[in-house]
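*Asks:* I would like to see how this sequence folds:
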Amino acid sequence: MPALPQGNHQFGSNGFWSKNRDDVSYHRLHKFWCELSPQARQELLRIDKQTLFEHARKNMYCSRCNGLLLEGFLQIVTYGKSLQQDGAGAHFPCSRPGGLKNQNNGGSSVGNVVQDEIQDPTVHPWGGLTTTREGSLTLMDCYLYSKSLKGMQIVFDGARARERERELLYPDACGGGGRGWISQGIVSYGRGHGTRETCALHTARLSCDTLVDFWSALGEETRQSLLRMKEEDFIERLMYRFDSKRFCRDCRRNVIREFKELKELKRMRREPRCTSWFCVADTAFQYEVSDDSIQADWRQTFADTVGSYHHFEWAVGTTEGKSDILEFENVGMNGCAQVNGLDLGDLSACFITLRAWKLDGRCTELSVKAHALKGQRCVHCRLIVGDGYVTITKGESIRRFFEHAEEAEEEEDDDLMDEDGNELDGECSRPQKHAKSPELAREFLLDAATVEKAFREGTARQNAHSIFVCLALKLLEERVHVACKEIITLEKQEQAFGIK
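*Replies:* Numbering: from 1, shown residues only. As a prediction, the model looks like this:
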């Protein structure tokens, strides 16, 4: 989230902190706060998961934003537990000791020394929120136990500033009383999401400059989370791209096969030895190819050779099974081989063939392919599939990452239009950049991941994070206000009873 404006928060005019409010004066609110014990503050400033999501449902957020809000709750619970284990000082230090002490060990997840000098909550990842040991939302101790209202005033005014900026950044997204949410009657809105009801943020396009600005304002942990998506979400996006590009059955199979290969590499903890010259994706045995040398290692493939094999031969060619680059060479029982002094810079691909000759004269032949990258980065360096997630790296620069996403998005739009700019129907077909080779299939996977992360998931998560923080702080603010009004009403009743 881009940095929020850091103005003077004193007596925020949009909240109940204003001195001019009719029902509760600032002076009366300050008196109420100062008279609260630490235990009373802990009980008052606490929101459980059920209460939070009951209010979220009332706001009619779209299905995807609701899911992101739930993820946000799980994330802040994890964050709170880390503070309980490590202490708040390492994460969000307060400046000098003083004020109230936290006497209740069941309180929030920060230390029990309270601060007079309040820190700016806009630099805190959760706007000043944390969790109790029971998993309820509350405020950091340096706000919860401050001597005056200043701490809470800064937190709640900061939440309003965050919400104003969120509405400017995401005008058509969830968060503004349901604005931008798709009604059940419009089931086709939002390309690639079928009948799922989503707000415009999940489908709208953002400029590269806007995305780079977003990225620049994020912490490293947030950046890493934005480059990862759940596997089922990625598969859903993949199916849409199959349909939009009118992929044939064979091309679909090629892409799915490469996707499974990437998952298998992660499961087996085998990283391909790709270089800046060649991508080496096959898994029959390990190999590495540069512009002038080739290495091959089949020891893991043929682990038990004693008493079974007589010798190994290997060769290199421009097509599968050929030996026009390196003639077949007998390497005996060695489990690896290497050749230098080659000139491979102008090739589009080369193939390494291995023959394993058994003692009975039978031969097992394996072949692997090295695909020339021609200055491009290898997909294996960019896309990681495993553990239920698809993770993409930003590449050489974040701007190039977003530019690549924009190119893929424009190509996707072109697939849906004819030369005159008319939308193509399902019966129309024309030559496509399909996935007839493993290399194109892997490139297709990368494009799908890049577009989804750059234009959808990242910005949606940022919006949901701001919604979560602002909604939780608004509920906490209302609890303080309501409790103060109840005390005032009770005092008035007691005074009236005393007069009588």
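*Asks:* pretty sure R399 sits against D213.
*Replies:* No. The pair R399 / D213 is not scored as a contact, 10.9 Å apart, by C-beta atoms under 8 Å. Every C-beta, even on glycine, is put in place using the N, C-alpha and C of the backbone.
*Asks:* can you give me the strands for the stretch 1-150 of the chain?
*Replies:* 97-101, 113-115, 129-131, 137-139 (DSSP state E, counting those that start in this stretch).
*Asks:* do the stretch 151-300 of the chain as well
*Replies:* So, for the stretch 151-300 of the chain - with DSSP E, counting those that start in this stretch - the strands run 228-230, 278-280, 286-289, 294-297.
*Asks:* let me have those in CSV, extended by mean pLDDT.
*Replies:* Compiled in CSV, these are given as follows (pLDDT from 0 to 100):
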stretch, mean pLDDT
strand 228-230, 79
strand 278-280, 86
strand 286-289, 91
strand 294-297, 92
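*Asks:* deepest-packed of those strands, please.
*Replies:* strand 278-280 (a mean of 24; mean count of other C-beta atoms under 10 Å).
*Asks:* what's that one packed up against?
*Replies:* On a contact count with 3 or more C-beta pairs under 8 Å, 6 or more residues apart in numbering; DSSP states H and E, strand 278-280 meets strand 286-289, strand 363-372.
*Asks:* by residue count, which helix of the protein is the longest?
*Replies:* helix 458-499 (DSSP state H).
*Asks:* please parse the chain into its domains.
*Replies:* 16-229+399-413+445-500, 278-376 (automatic domain parsing).
*Asks:* ends of the shortest one, what's the gap?
*Replies:* By C-alpha to C-alpha, to the nearest Å, the extent of domain 278-376 from end to end equals 10 Å.
*Asks:* can you give the distance of it from its chain's centre?
*Replies:* Chain-centre distance of domain 278-376: 39 Å, with C-alpha atoms, centre = their mean, to the nearest Å.
*Asks:* who's H371 bridged to?
*Replies:* Assessed by DSSP bridges, H371 has beta-bridge partners C279, A349.
*Asks:* re earlier: quick check: mean pLDDT across the longest helix of the chain?
*Replies:* Averaged across helix 458-499, pLDDT comes to 85.
*Asks:* so what does W126 look like in phi/psi?
*Replies:* phi -120, psi 20 (degrees, to the nearest 10).
*Asks:* go on, the one 10 residues further on?
*Replies:* When quoted as degrees, to the nearest 10, the phi and psi of S136 stand at phi -90, psi 160.
*Asks:* next up, the contacts around it.
*Replies:* 46-49 (C-beta atoms under 8 Å, 6 or more residues apart in numbering).
*Asks:* kindly recompute the last result at 10 Å.
*Replies:* 42, 45-52, 77, 80, 108 (C-beta atoms under 10 Å, 6 or more residues apart in numbering).
*Asks:* how near is the residue most central in space within the chain to W215?
*Replies:* Nearest residue to the geometric centre of the chain (C-alpha atoms, centre = their mean): L226, 2.5 Å. Plainly put, L226 is 8 Å away from W215 if you go by C-beta to C-beta, to the nearest Å.
*Asks:* what of A460?
*Replies:* From A460 to W215 the distance is 15 Å (C-beta to C-beta).
*Asks:* count the residues that sit near H371.
*Replies:* H371 is flanked by 22 other residues according to other C-beta atoms under 10 Å.
*Asks:* gap between it and F278?
*Replies:* Taking C-beta to C-beta, one finds H371 at 6 Å from F278.
*Asks:* joint contacts of the two?
*Replies:* By C-beta under 10 Å, 6+ apart, the residues touching both H371 and F278 are 289, 347, 349-350, 378.
*Asks:* out of these, which one sits closest to D324?
*Replies:* Among these, C350 lies closest to D324 (C-beta to C-beta), at 9.7 Å.
*Asks:* that closest one - nearest residue in space that isn't next to it in sequence?
*Replies:* A370 (5.1 Å; C-beta to C-beta, 6 or more residues apart in numbering).
*Asks:* ok, and for stretch 331-342, which residues are buried?
*Replies:* For stretch 331-342, a neighbour-count test (16 or more other C-beta atoms under 10 Å) marks 331, 335, 337, 342 as buried.
*Asks:* now for the residue found closest to S466 once you drop the neighbours it is linked to in the chain, how many residues are close by?
*Replies:* Closest residue to S466 apart from its sequence neighbours, by C-beta to C-beta, 6+ apart: R166 at 4.2 Å. Around R166 there are 22 other residues, counting by other C-beta under 10 Å.
*Asks:* against F214, how distant is R166?
*Replies:* Relative to F214, and taking C-beta to C-beta, R166 is found at 12 Å.
*Asks:* I'd say the residue nearest to C350 and Y287 touch.
*Replies:* Yes. At 7.1 Å, A370 counts as touching Y287 under the criterion of C-beta atoms under 10 Å.
*Asks:* give me the neighbour count for the residue nearest to T275 when sequence neighbours are not counted.
*Replies:* Once flanking residues are discounted, T275 sits nearest to S290: 5.1 Å by C-beta to C-beta, 6+ apart. Neighbour count of S290, defined by other C-beta under 10 Å: 16.
*Asks:* isn't S290 up against D343?
*Replies:* No. Counting by C-beta under 10 Å, S290 sits too far from D343 to count as a contact (11.3 Å).
*Asks:* how about the closest residue to S276 other than its chain neighbours, what does it touch?
*Replies:* Closest residue to S276 apart from its sequence neighbours, by C-beta to C-beta, 6+ apart: L373 at 6.9 Å. For L373, the contacting residues are 274-279, 379, 381, 439, by C-beta under 10 Å, 6+ apart.
*Asks:* go on, A159?
*Replies:* So A159 contacts 4, 12, 15, 121-122, 127-129, 466, 469-474, 476-477 (C-beta under 10 Å, 6+ apart).
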